[in-house]
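Q: next come a sequence and a model predicted from it.
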Amino acid sequence: MAGLIKREDIDEVRQRTDIKEVVDGYVTLKGAGLGTFKGLCPFHDERSPSFTVRPQVGRYHCFGCGEDGDVIAFVQKQDHSSFQEAVEKLAARIGYELRYEDGGTGPNREEVGRRQRLLDAHKIADEFFRAQLLTPGAAEARTFLHGRGFDRAAAEHFGCGYAPQGWDALLKHLRGRGFTDAELKLTGMFSEGNRGIYDRFRGRLIWPIKDIAGDTIGFGARKLYEDDQGPKYLNTPETALYKKSQVLYGIDLAKRSIAKDRQLVVVEGYTDVMACHLAGITTAVATCGTAFGTEHIKIARRLLSDDGTGGEVVFTFDGDAAGQKAALRAFEEDQRFTAQTYVAVEPTGADPCDLRQSRGDEAVHALVQSRRPLFEFAIRTTLKQFNLDTVEGRVQGLKASVPVVAGIRDASTRTGYCQELTGWLGMPDPNEVLRLVNAAVKRGDQGGAPAAAPRTSAPTAQAGGPGVATGPASGAVPSFHRPDPRDPVASMERQALEVALQEPALLGGGVWERFAAARFATPAFQAVHDAMRATGAGLVNDPVRWVEHVMHEVPEPLRPLVSELAVVPLPASTEEAVQKYCRDILSRLFELQITRVKADKMGQLQRLDPAADPETYQRLNRELMMLEMERRALRAEA
């Protein structure tokens, strides 16, 4: 069981990971000045690139929507993963072995390497199956897809493939790519007999099953030939990569739409997911050989940003008894997360794939739009078992429905369904239903899952890393206003902070004392400068940690400003030009500081009577002379 990752290891992973290489896997980046890259923002729709990455400081910032963060935050947001999962993924990427607090354990280097070999084998197998779909031997697979309304473009989009007939086509291919039989046994793609291992999937249409990050971790396969004695659908068995209770087919394609639309549609099969997506319901996913359970709920919560303020999960089931049972099982799970949950049932029993074939895309949309609250569906399904035209039937229906209503944890919702149940039963007094339900609640006679402790929104110490402090424990956080960009002093102060954040090594040595002594007229900039002083000179030779610690020290409302200052391109095209620009800006800052001190001392001098205090008068004159010499020296250095 893994505990919290050690803080120094988190810093090391952040330091060693090239944020540009990671972002390049999701966004096409182009150079935008020395050491700065731009691309279209992955977090909002835009036509002109405003998403900026500065590898030297390990940060990204979108000047369009304001999204910002480090490489860990980027992976979290893109893969919808937890902080720890993102760190572990990045550590595996660079081959770094993490250590955990409290004696906890995580994947060691050997385990990381073994997992990567499994992923590599699945990726190569995925490519192999896709290529086979285009061969003459895959005619039956192509006919199957075409017969269900899926053309070549659809097959390519969903990565459909074909496993050739025979016993060792994939086996030979992977052996030829350097995999040992011992490694291949662990993939779940092979069965074992008296004469060794052989292909598990043979003569079947293949769907790659991917995790939320888009890595292939298993396969689903559909029987094509009558002489195949195997099951109609065959999936990868449980492996180190593939845990069916944690897998949702199509999640890699649907995750962004789910997060954007705050809707998750759960269908029953691979072709249903394909049909929904092609019809425009791009939030559709399917479980793989198991019911929608606790682990799936965790994925749903993460994608929906489940906070009880909206978002919905829509289950689509056949209208038969099996479909109703599936909905009632989902009812038991529903109470474990707060997203509104619905059921969409097609009375004729047609699934989304059938609907799209027979009635077009509009029918698929109509199915999802016909959704009803899951609580309502569960209660009405219970009532369908009884003849409500008779007194006896209504009494039996009431007795059977009371535990279901009692299982609704939210008291207001429970009361509302008491009133609904009264109407559905045609009873005159809703108080009688409410009395029976409340009594069932007290007895614990509930149809839902046991009540869980309320979740809080407070993050754990590790949830956001060192850059996600919540600000002062007490007292109001001061408000900071953006300075007027036409103000020349504010403009120069901003440039100085850009230099200090992006090229902190220039603050080393005696420069730090001058920089730390500077004062900024703009309150927001002064607060950022205070955060730099609190960070100290010890990190100026480590740009990534320098910016990370400044982010930690600055008041939370100013973190987007720090992120912006850390990535904005500096106006220079060569390293030499950058260094000259930075030195010039710092010289201007220090000269401005000298000018301010001189003005203050000149004011003191003018208010002083030389005859009354000749010693102070002479001291101020000497100090003014020293300041002027310092100013001229700065000019000469620049």
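A: Happy to help now that I have it.

Q: which residues touch the helix or strand residue 516 falls within?
A: Using DSSP states H and E, residue 516 maps to helix 510-517. Helix 510-517 is contacted from outside by 500, 507, 532, 533, 537, 540, 586, 589, 590, 593, using CB atoms under 8 Å, 6 or more residues apart in numbering. C-beta: built from backbone N, CA, C; applies to glycine.

Q: the last one contacts residue 521, correct?
A: Going back to what we said before, that points to residue 593. No: under the criterion of CB atoms under 8 Å, residue 593 makes no contact with residue 521, lying 10.9 Å away.

Q: returning to that earlier point: tell me the one of the contacts of helix 510-517 nearest residue 100?
A: residue 540 (30.6 Å; CB to CB).

Q: neighbours of the closest one, just the number please.
A: Counted with other CB atoms under 10 Å, residues neighbouring residue 540 total 22.

Q: cool, residue 4 as well?
A: Neighbours of residue 4 using other CB under 10 Å come to 15.

Q: distance of it from residue 13?
A: 14 Å (CB to CB, to the nearest Å).

Q: got it, and residue 59?
A: 15 Å.

Q: can you name the element that comes right after the helix holding residue 516?
A: In N-to-C order, the element after helix 510-517 by DSSP H and E is helix 523-535.

Q: rounded mean pLDDT for that following helix, please.
A: Mean pLDDT, helix 523-535: 92.

Q: just the CA atoms of the helix or strand that it is followed by, as PDB, please.
A: Using DSSP H and E, the helix or strand that follows helix 523-535 in sequence is helix 543-553. As requested, C-alpha coordinates have been extracted for helix 543-553 and formatted as PDB (Å, rounded to 0.1, in the frame of the first residue of the first chain):
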ATOM      1  CA  PRO A 543      14.800  28.100 -11.500                       C
ATOM      2  CA  VAL A 544      12.100  25.400 -11.200                       C
ATOM      3  CA  ARG A 545      12.300  25.200  -7.400                       C
ATOM      4  CA  TRP A 546      12.700  29.000  -7.200                       C
ATOM      5  CA  VAL A 547       9.500  29.700  -9.000                       C
ATOM      6  CA  GLU A 548       7.700  26.900  -7.100                       C
ATOM      7  CA  HIS A 549       8.700  28.300  -3.700                       C
ATOM      8  CA  VAL A 550       7.800  31.900  -4.800                       C
ATOM      9  CA  MET A 551       4.300  30.500  -5.700                       C
ATOM     10  CA  HIS A 552       4.100  29.000  -2.300                       C
ATOM     11  CA  GLU A 553       5.000  32.200  -0.500                       C
END
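
Q: return the distance of helix 543-553 from the chain's centre.
A: In terms of CA atoms, centre = their mean, to the nearest Å, the gap separating the centre of helix 543-553 from the centre of its chain is 22 Å.

Q: by contact count, what packs against the following helix or strand past it?
A: Using DSSP H and E, the helix or strand that follows helix 543-553 in sequence is helix 559-567. With contacts taken as 3 or more CB pairs under 8 Å, 6 or more residues apart in numbering; DSSP states H and E, helix 559-567 sits against strand 51-54, strand 59-62, strand 68-70, helix 488-502, helix 523-535, helix 543-553.

Q: could you give me the average pLDDT of the helix or strand following the shortest one?
A: It stands for strand 68-70. Once strand 68-70 ends, the next helix or strand along the chain (criterion: DSSP H and E) is helix 71-79. The average pLDDT for helix 71-79 rounds to 89.

Q: any idea of the angle the helix or strand following helix 71-79 forms with helix 71-79?
A: Next helix or strand after helix 71-79 toward the C-terminus (DSSP H and E): helix 83-94. Orientation check (axes from the mean of the first three to the mean of the last three CA atoms, to 10 degrees): helix 83-94 against helix 71-79 gives 110 degrees.

Q: for the helix holding residue 516, C-alpha coordinates in PDB please.
A: Output in PDB follows, covering the C-alpha atoms of helix 510-517 (Å, rounded to 0.1, in the frame of the first residue of the first chain):
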ATOM      1  CA  GLY A 510      26.100  40.900  -4.300                       C
ATOM      2  CA  VAL A 511      23.100  41.500  -6.700                       C
ATOM      3  CA  TRP A 512      20.800  39.700  -4.300                       C
ATOM      4  CA  GLU A 513      21.400  42.300  -1.600                       C
ATOM      5  CA  ARG A 514      20.500  45.100  -4.000                       C
ATOM      6  CA  PHE A 515      17.400  43.200  -5.200                       C
ATOM      7  CA  ALA A 516      16.200  42.300  -1.800                       C
ATOM      8  CA  ALA A 517      16.500  46.000  -0.700                       C
END
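
Q: can you pull the contacts of residue 340?
A: Contacts of residue 340 by CB under 8 Å, 6+ apart are 310, 311, 312, 313, 373.

Q: quick check: which element contains the fourth one?
A: Same thing as residue 313. If you go by DSSP H and E, residue 313 is part of strand 312-318.

Q: pull the distance from the helix holding residue 516 to the chain's centre.
A: Put simply, helix 510-517 sits 40 Å off its chain's centre (CA atoms, centre = their mean).

Q: which residue ranges of the stretch 51-200 of the chain form strands?
A: With DSSP state E, counting those that start in this stretch as the criterion, the stretch 51-200 of the chain has strands at 51-54, 59-62, 68-70, 161-163, 190-193, 196-199.

Q: if I look at residue 370, how far off is residue 429?
A: In terms of CB to CB, residue 370 sits 32 Å off from residue 429.

Q: likewise residue 185?
A: 66 Å.

Q: nearest to residue 582, out of the helices and strands packed on helix 559-567?
A: Per CB to CB, nearest to residue 582 of the helices and strands packed on helix 559-567: helix 488-502, 4.5 Å.

Q: by contact count, what packs against the strand holding residue 313?
A: strand 263-267, helix 321-334, strand 340-346, helix 361-369.

Q: that strand pairs with which strands?
A: Strand 312-318 has these partner strands in its sheet, going by DSSP bridges: strand 263-267 (parallel), strand 340-346 (parallel).

Q: circling back to that earlier point, which of the helices and strands packed on helix 559-567 sits most buried?
A: Mean neighbours per residue, mean count of other CB atoms under 10 Å, is largest over these for strand 59-62, with a mean of 28.

Q: for that one, what is the average pLDDT?
A: 94.

Q: which residues are in contact with it?
A: Contacts for strand 59-62 (CB under 8 Å, 6+ apart): 19, 23, 41, 43-44, 50-54, 67-70, 74, 547, 560, 563-564, 566-568.

Q: if we use 6 Å, what do you get?
A: Strand 59-62 is contacted from outside by 41, 50, 51, 52, 53, 68, 70, 547, 563, 564, 566, 567, using CB atoms under 6 Å, 6 or more residues apart in numbering.

Q: what residues of stretch 190-205 count as buried?
A: 190, 197, 198, 199, 200, 201, 202, 203, 204, 205 (16 or more other CB atoms under 10 Å).
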